[in-house]
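**Q** need a structure here:
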Amino acid sequence: ISKAEKYLLQIYYRAKCKRQQQSFFTRINLSPLLFVKPDVIEHVLSKEEAGPTSAANFFLEHLLRLESEGWFQGFLDGLGAIGYTGLKEAIEKWDFSEIESLALHRELLKRVEVVFIRNIKPNEVLIHLDSCLLLREREEIQQLTQNKGNIAGAVKLVECLQRSDKKSWPKNLLLALEECNYINLVDLWKPESGNVLYLDLKISNTKGSCARVRAARLYMELEAEDLTRCSEELAIVSIGSLNGGPPLFDNLKLRKYQLELAESAFQGKNTIVCAPTGCGKTRVALAISEHHLKNAPEGVKRKIVFMATKVPVYEQQYGLFKEHFENLGYSVVGFCGEKGMDVPVGMYMEQNNIIVLTPQILVNVLEDATVPSLSMFSMLIFDECHNTVKNHPYNVLMRNYIDAKLNSSQTAPLPQIVGLTASVGVGNSRSVQQAVDHICHLCASLDVNVISTVRENKEELERYVYVPEKSFRLVEKRSADPFKENISIIMLDIEQLAKKLYPIDTLSNIQSRGYGTQKYEQWITVVQQKCRTLEMEDKEKESQICRMLFTYTEQLRKYNDALLINEDARTKDALEYLQKFFADVQDGGFDETEQQLAHKFEDMVPQLLAIAEDESNENPKLVELKFIIEEEYRNNQETRTLLFVQTRSLVDALKKWIEETPTLRFLKPDILIGRGRRENITGMTLPSQKDVLQSFKNNSESKILIATSVADEGIDIAQCNLVLLYEYVGNVIKMIQVRGRGRAKGSKCILVTSKSEQVEKEKMNMLHEKIMDNAIELLQKDNQAYLTSKVMNLQKEEKRLREFKRVIERKKTKKGGSRRLVCGKCKTFACKAEDIKTIKNSHHVVMNDSFEERYATQPHKKPRSFDGIMKKNKLFCKECGYDWGITASYLTIENLPVIKIESFVVINDETPAQQQQHFKSWKDVDFEMEEFVYPTLKSFTFPF
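**A** Residues are numbered from 1 along each chain as shown. As a prediction, this is how the structure comes out:
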């Protein structure tokens, strides 16, 4: 290497240090300034203020004066090192035809620039344009997008593409637009799309300067109004209609397979749209909604409800509906969770054209008659409609709908039903015919007669929707597990203590229950339920035994949890889980039994610490997971990973593991869990969930998202190309949903497990998927009258069953005076059932002066308002510290005790043996409670 080239490298290093200050031209120009004085270099930099062209001209003047040996090769090497490979190649060959051929695309990009900058999200597109842009340019675009928004970032992206010397950038841009589902932009950019602007430019480029001048004149002669409309509306396109005239959709064009999916809904039929994840079902729903609104008969005001089952999905869909329909002049309002409790929902529904919400809100307003009936709406859209089963809010709504349908006095028209799903499921079906029956039940629940799938346009669907490659990694378990051996000794000791107290094996039929299994967790749950209703002649002894059994089983549960963590994560994580549990118990105050059990653990801690630090006890599953992740990121540094796990404890454990593993910490993991409290772990707030999802979608520093089931349905992360299922297996619906989270081309879906039965279950799911497809095809081939008849018969049968259950409900005891509630752990008397009043049929308060003597309170860690109730404190049994509920404020009243029935045992004093019952929820109780009435407060003194 010559001295000149060495000097070139020194100058290039200095250029890197100033990279954020330098423009496109300066980044080229600094590298070959071989023997130029520092003041000349500074002069080049100062010229940037007058523009890159001025800096480039000044640079070239000095470049051409250089006479040192090797300066020209140094110049070329500098171009290549910085990233201007297209320009370097053109100069080396002295052939600039390829660069000049890009002029056509630059002009087209210039003409449609307004469309691009108003409709793309730069961070989505950027990931596909690595080879077209310099690293510095990509960083600038990301920074602008983060600080000033999508439009600012998009402007910079267009500017950088206009300067790109890479011959492949037009093709890469097209692929990026297709990957990110910018359909209208694809049509503007494709040469074969018949784009008038493109054809005009092509003529100009091939017929010489005269043609170019004529094309330019034609372009300039376009009226400003027409040009603006072309740019701003993207395209006003027809998607077909059976009413004789095609409906027009601003900013919305469907592919052929999407039109096929929407066709029956356009005809007004109740329809389930069943199509793969990532194919654009939301876009189909937008089109169906717009067609429904625009084709309303004169004088008829139509109203649409779109429902999503999970709050993150609601947020995503609400944003899409709002952005699309408000541009068209329709009003959109959204409600979810707590937001739907503190506003006049009925009034907002009346005033808006489209309502996006979580389904429980609609259930609530129907129950309290805020909304008189579903006939108020003209269309109901159920996202993830396969959830319309059992007591899910979707099914509660549809029971209301079907009851109205079968009511002979019903005169008002019922809304059209549209369901969206990637899989209708097959339940426990083992044959196609059984799957047909299962699907018919779902259709009956949704009052649907048409299942719409892609049949005629499968080739197009396969071009746009990538089904991730599925593979299995079956890993051996630890050859020896000293942590489990030691914990098992403690668990066996605790079981023996419990058996001395009471024959606990008689409380459950679950006999085969190994430590560290879900079966053992089920056994604990059953035993605790039976403990609550345990009856003995000596009531004091009964209370003492129940309390001690509860303590024993709760500690067994924690040890079992630790073994589950140890099986899937590090021994260190399992040990920390137990240490935190005993620290929390100590903070809450040991009773004698808990102190005895704590000593057993403390005596074992030194030995457990040594096991946790021994590298020979490393988890083989983590070794395999580490290998997979390292391999994928070595092959593709832009990999985006979703790691699914079963429990929140495992989410935390794997996050710590990644952060503490040197070769993985660059992933900077983030987590996504549900909002409720599970496994004694507080959930994420809605803003936190939104921030995590938005950050991950926008190509943030985090390259891996560790999630529980909250992320397996409906969430759109287009860039995700690696889905890891870490001991995460469900039914066929979950398999299809989770697999579909990997939407990028070349995506992979890998199950990592040490259990062969998990692999077999997933293979069975794959078989169920084929059975499901065959069952749907069979239903579609049959005469539609068959499905219609089947649906009607099933609906009538279900209605008869519901009416029978209502008769049973009416036999409930009218008053709760003969019943009393005792603590579910220590059997201490709490209150009488007649003291309990209900607020809005949801919250249950104890209205008795003496109740405050039986509970203690602690400040609530997350006080918040819900349904007009403001949480203040946690409520505990004063005798044993068992969680009874909360104290809250309501209206002008402070410190109302709000209890949860699962924390109590109900004793019926009217029965000879004083029958004891335990209810999991308030809807299960067999006595009625009076509604909370404000005047009754006069006789109640509230503790302050």
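**Q** Output stretch 81-91 in PDB, but only the C-alpha positions, please.
**A** Coordinates of each C-alpha in stretch 81-91 appear next as PDB, following Å, rounded to 0.1, in the frame of the first residue of the first chain:
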ATOM      1  CA  ALA A  81     -14.900   2.300   1.800                       C
ATOM      2  CA  ILE A  82     -17.600   4.900   2.400                       C
ATOM      3  CA  GLY A  83     -20.200   2.900   0.500                       C
ATOM      4  CA  TYR A  84     -20.400   4.600  -3.000                       C
ATOM      5  CA  THR A  85     -19.900   1.300  -4.800                       C
ATOM      6  CA  GLY A  86     -22.000   2.300  -7.800                       C
ATOM      7  CA  LEU A  87     -20.000   5.400  -8.500                       C
ATOM      8  CA  LYS A  88     -16.700   3.600  -7.900                       C
ATOM      9  CA  GLU A  89     -17.700   0.900 -10.400                       C
ATOM     10  CA  ALA A  90     -18.800   3.500 -13.000                       C
ATOM     11  CA  ILE A  91     -15.500   5.400 -12.700                       C
END
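**Q** any idea of the pLDDT on the closest residue to Ile288 other than its chain neighbours?
**A** With sequence-adjacent residues excluded and distances taken as Cβ to Cβ, 6 or more residues apart in numbering, Ile288 is closest to Ala265, at 4.5 Å. The C-beta positions use only the backbone N, C-alpha and C, and glycine is treated the same way. pLDDT recorded at Ala265 is 97.
**Q** From the contact counts, what lies against the helix or strand where Ala265 lies?
**A** For Ala265, the enclosing helix or strand under DSSP states H and E is helix 256-266. The helices and strands touching helix 256-266, judged by 3 or more Cβ pairs under 8 Å, 6 or more residues apart in numbering; DSSP states H and E, are strand 271-274, helix 281-294, strand 450-452, helix 458-464.
**Q** again, only using 10 Å
**A** Applying 3 or more Cβ pairs under 10 Å, 6 or more residues apart in numbering; DSSP states H and E, one finds that helix 256-266 contacts strand 271-274, helix 281-294, strand 416-421, strand 450-452, helix 458-464.
**Q** ok, back up a step: quick one: the residue nearest to Ile288 and Val450 touch, right?
**A** Yes: between Ala265 and Val450 there is a contact under Cβ atoms under 10 Å: 8.3 Å.
**Q** Can you pull the residues that touch both of the two?
**A** 271-273 (Cβ atoms under 10 Å, 6 or more residues apart in numbering).
**Q** Thought Met766 was touching Leu751, still the case?
**A** No: applying Cβ under 10 Å, one finds Leu751 not in contact with Met766, separated by 11.2 Å.
**Q** higher neighbour count, Ala265 and Val450?
**A** Per other Cβ atoms under 10 Å, whichever of Ala265 and Val450 has more neighbours is Ala265, with 27 against 19.
**Q** element containing the residue nearest to Val155 when sequence neighbours are not counted?
**A** What sits nearest to Val155 in space, not counting adjacent residues and going by Cβ to Cβ, 6+ apart, is Ile117, at 5.3 Å. Secondary structure from DSSP H and E places Ile117 in helix 113-119.
**Q** can you pull out the helices in the stretch 551-700 of the chain?
**A** 571-588, 592-613, 620-635, 648-660, 686-697 (DSSP state H, counting those that start in this stretch).
**Q** most packed of those?
**A** helix 648-660 (a mean of 19; mean count of other Cβ atoms under 10 Å).
**Q** Average pLDDT for it, rounded please.
**A** 94.
**Q** cool, stretch 517-524 as well?
**A** Here the average pLDDT along stretch 517-524 is 91.
**Q** could you point out which element follows the helix or strand where Glu100 lies?
**A** Using DSSP H and E, Glu100 maps to helix 97-101. Where DSSP H and E defines the elements, the next helix or strand beyond helix 97-101 is helix 103-111.
**Q** what packs against that next one?
**A** Contacts defined by 3+ Cβ pairs under 10 Å, 6+ apart place helix 103-111 against helix 150-163, helix 169-179, helix 183-189, helix 196-206, helix 208-221, helix 224-232.
**Q** picking that back up, show me which positions of the helix holding Glu100 end up buried.
**A** Ile99 (16 or more other Cβ atoms under 10 Å).
**Q** Not counting it itself, show me its contacts.
**A** Helix 97-101 is touched from outside by 86-87, 89-90, 164-167, 170, 205, with contacts defined as Cβ under 10 Å, 6+ apart.
**Q** One more: stretch 762-774?
**A** Identification of contacts with stretch 762-774 by Cβ under 10 Å, 6+ apart yields 274, 423-436, 438-439, 453, 470, 472, 725, 728-736, 739, 751, 753.
**Q** Pull the distance from that stretch to the chain's centre.
**A** 24 Å (Cα atoms, centre = their mean, to the nearest Å).
**Q** Also stretch 415-428?
**A** From the chain centre to the centre of stretch 415-428 is a distance of 19 Å (Cα atoms, centre = their mean).
**Q** can you check stretch 917-935 too?
**A** 34 Å.
**Q** Repeat that for stretch 863-879.
**A** How far stretch 863-879 lies from its chain's middle: 29 Å, per Cα atoms, centre = their mean.
**Q** okay, how far is it across that stretch, tip to tip?
**A** With Cα to Cα, to the nearest Å as the measure, stretch 863-879 spans 25 Å from end to end.
**Q** mind listing what's buried in it?
**A** Buried positions in stretch 863-879, judged by neighbour count with 16+ other Cβ under 10 Å: 869-879.
**Q** can you check stretch 295-303 too?
**A** 302-303.
**Q** pLDDT on it, on average?
**A** Mean per-residue pLDDT for stretch 295-303: 91.
**Q** Need the contact partners of that stretch.
**A** 241-243, 245, 247, 266, 268, 289, 292-294, 330, 349-355, 376-379, 413, 415-416.
**Q** Spell out the residue ranges of the strands in the stretch 1-150 of the chain.
**A** Applying DSSP state E, counting those that start in this stretch to the stretch 1-150 of the chain gives no strands.
**Q** What is the burial count for Lys88?
**A** Counted with other Cβ under 10 Å, the neighbours of Lys88 add up to 20.
**Q** Tell me how far the closest residue in space to it that isn't next to it in sequence lies from Phe58.
**A** Nearest non-adjacent residue to Lys88, counting by Cβ to Cβ, 6+ apart: Leu79, 4.1 Å away. Using Cβ to Cβ, to the nearest Å, Leu79 is found at 18 Å from Phe58.
**Q** Many thanks, have a good one.
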